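Novice: Turn this into a structure:
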Amino acid sequence: QVQLVESGGGLVKPGGSLRLSCAASGFTFSSYAMSWYRQAPGKEREMVAAISGSGVIRNYTDSAKGRFTISRDNAKNTVTLQMNSLKPEDTAAYYCNAKRSGTIPYWGKGTLVTVSS
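Specialist: As a prediction, this is how the structure comes out:
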C-alpha cells in the first residue's frame, strides 16, 4: 500500500524557518520524482519544489528560489523541504507528491504551514 506521510508543519513567525518531511512507503522510491505542492485557501494547488529520482535535478517555483531547498534520501525513502525566510504568503497546506512517467501520481494528505506574527 502506497503511503506518503507529511510532517513538520506548524505556526511560525515571518522570517522564521520550518522543515517539512515526507515519509514514503509502498513503492520504489528512487524511481519516482518527488515534489512539494501547496494550496492556500481559495487558491489552486501549485508546485513549490521538485527533485528527480536521483536527486540531481531540482526545480523551484520562482517564489521559493533562494528560500526553500528540496532534498531526498533514497536510503530512508524521505524527501524534505527546508523553508527559510518564511512569509505570510507561504501560508498553505503543503502536500508531498510522487510521480513517474506513465503512472498516476501519489499524494500525501498534507501538512499545514501558517506564517503569522
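Novice: From the opening residue of stretch 33-49 to its closing one, how far?
Specialist: End-to-end distance of stretch 33-49 (C-alpha to C-alpha, to the nearest Å): 11 Å.
Novice: ok, and the residue most central in space within the chain, which helix or strand is that part of?
Specialist: Centroid-nearest residue in the chain: W36, 2.6 Å away (criterion: C-alpha atoms, centre = their mean). Element membership of W36 [criterion: DSSP states H and E] is strand 33-39.
Novice: what residues are up against S52?
Specialist: For S52, the contact set (C-beta atoms under 8 Å, 6 or more residues apart in numbering) comprises 33, 58. All C-beta atoms are positioned from the backbone trio N, CA, C, and that covers glycine.
Novice: same thing but 6 Å
Specialist: Counting by C-beta atoms under 6 Å, 6 or more residues apart in numbering, S52 touches A33.
Novice: Give the pairing partners of the helix or strand where L20 lies; include direction for each.
Specialist: Using DSSP H and E, L20 maps to strand 18-25. Take DSSP bridges as the rule and strand 18-25 pairs in its sheet with strand 3-7 (antiparallel), strand 78-83 (antiparallel).
Novice: Now for K65, how many residues are close by?
Specialist: K65 has 10 neighbours, counted by other C-beta atoms under 10 Å.
Novice: on that earlier part again, for the residue nearest to the centre of the chain, list each beta-bridge partner.
Specialist: A49, C96.
Novice: tell me the pLDDT at P88?
Specialist: Predicted confidence (pLDDT) for P88: 97.
Novice: Can you tell me the closest non-neighbouring residue to it?
Specialist: V115 (5.0 Å; C-beta to C-beta, 6 or more residues apart in numbering).
Novice: ok now do the one you found, which residues does it touch?
Specialist: When contacts are counted by C-beta under 6 Å, 6+ apart, V115 touches 12, 14, 86, 88, 90-91.
Novice: And these, which of them are buried?
Specialist: Buried members of the contacts of V115, scored by 16 or more other C-beta atoms under 10 Å, are 12, 86, 90-91.
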